[in-house]
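1. pasting the sequence and the predicted model now:
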Amino acid sequence: MQRFLSIIFSVLIICSGADAIAQTIGVTKFKARPEKRKRPEPITEEIAFGFRLNTDGWSINAERGFIDNYEKKTGFLWMDLSEKKHPKEDKQLNETYAAIFPDQVAPLPFKYGKINNFYQLKIGYGQKRALTGKQDKKNVVVHWTYAAGVSLGFLKPYYLELLIPEDNNLYTRQFASYNEPEKQFYFLDEFSIIGGTFFTKGIGEVKFRPGIAARSGFYFDYAPNEKSFLGIEIGASVEAYAQRIPIMANTSNSATFVNLYMDVRYGKRWNK
């Protein structure tokens, strides 16, 4: 009987040891399994700032984009601050006056016939749709882009420094705009023009001109890394206003502007 009990006891010890070894191996195997890496969250947000050259002016712009990776498109809010130029604008400098009166303040450059500066603040919504490639680092993606919005136009009188005759055959240097009827003759008389004035002249006389704006083109996006990008957009735009915009005197002025443009921008991307 004693021998039988010792045999059973030995068997139990062996079984418990085998079970412990099995558990140890199992734990080791479990710990040896590599952990699964989590996929990075998709990029969904972007912001960019840039400079645009138009065939009729310039603008600085900003865009706030919302990326839809599934649809391969980006909706964006955009804002431009622009100045419109007339094709007949030509900057001049009255060198004759400076030579005749060297002791007086040298005149500033001016644009003959210009009667108003025209600035616009444009705000709207647009979309970019990827045509080629994948949004990835060191890759160029071509998009078709289109946008529309409102244009808040501002007309600021253009001032010149003029030589105006007074009594007793005396002449005085005066600042004047085309909006002053009694000085319109001198404003357009080349012999009466001394030069231009500083930008701040006429700010208090700004007039509001509302309109609409739209553009469409192709956007080339290059991402040197996942969180930043450089872009170039080339296209055409149109703006329409409720009435003609008088930029120049003695020539045709329009209420509609059509132009070609190219802009360069830099931006950042991130996930929400």
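-> Yes, it's here.
2. show me the shaky parts of the chain.
-> 1-37 (pLDDT under 70).
3. quick check, central residue of it?
-> Central residue of the chain (CA atoms, centre = their mean): residue 61, 2.0 Å from the mean position.
4. helix, strand, or coil at it?
-> strand (DSSP: H, G, I helix; E, B strand; the rest coil).
5. which stretches of this structure form helices?
-> Per DSSP state H, the chain carries helices over the ranges 2-32, 95-100, 184-187.
6. name the residues of the last one that are buried.
-> To tie it back to what came earlier, the one meant is helix 184-187. Residues of helix 184-187 classed as buried: 186, 187 (neighbour count, 16 or more other CB atoms under 10 Å). Any C-beta I mention is one placed from the backbone N, CA and C, and that applies to glycine too.
7. which residues sit against it?
-> Around helix 184-187, the neighbours that count as contacts under CB atoms under 8 Å, 6 or more residues apart in numbering are 115, 160, 162, 163, 164, 176, 177, 178, 180, 192, 193, 249.
8. off-centre distance for that helix?
-> Distance of helix 184-187 from its chain centroid, counting by CA atoms, centre = their mean, to the nearest Å, is 39 Å.
9. ok now stretch 137-157, how far from the chain's centre?
-> Between the centre of stretch 137-157 and the centre of its chain there are 7 Å (CA atoms, centre = their mean).
10. buried residues in it, which are they?
-> Buried residues in stretch 137-157, counted by 16+ other CB under 10 Å: 141, 143, 145, 147, 148, 149, 151, 153, 154, 155, 156, 157.
11. just checking, the fifth one touches residue 212?
-> The one in question is residue 148. Yes: between residue 148 and residue 212 there is a contact at 7.3 Å, judged by CB atoms under 8 Å.
12. count the residues that sit near residue 228.
-> Residue 228: 15 surrounding residues under other CB atoms under 10 Å.
13. tell me if I'm right that it and residue 270 touch.
-> No: assessed by CB under 8 Å, residue 228 is found out of contact with residue 270, at 10.0 Å.
14. just the strands in the stretch 151-272 of the chain please.
-> Along the stretch 151-272 of the chain, counting by DSSP state E, counting those that start in this stretch, strands occupy 159-165, 171-177, 193-196, 207-225, 228-241, 256-270.
15. right, I'll leave it there.
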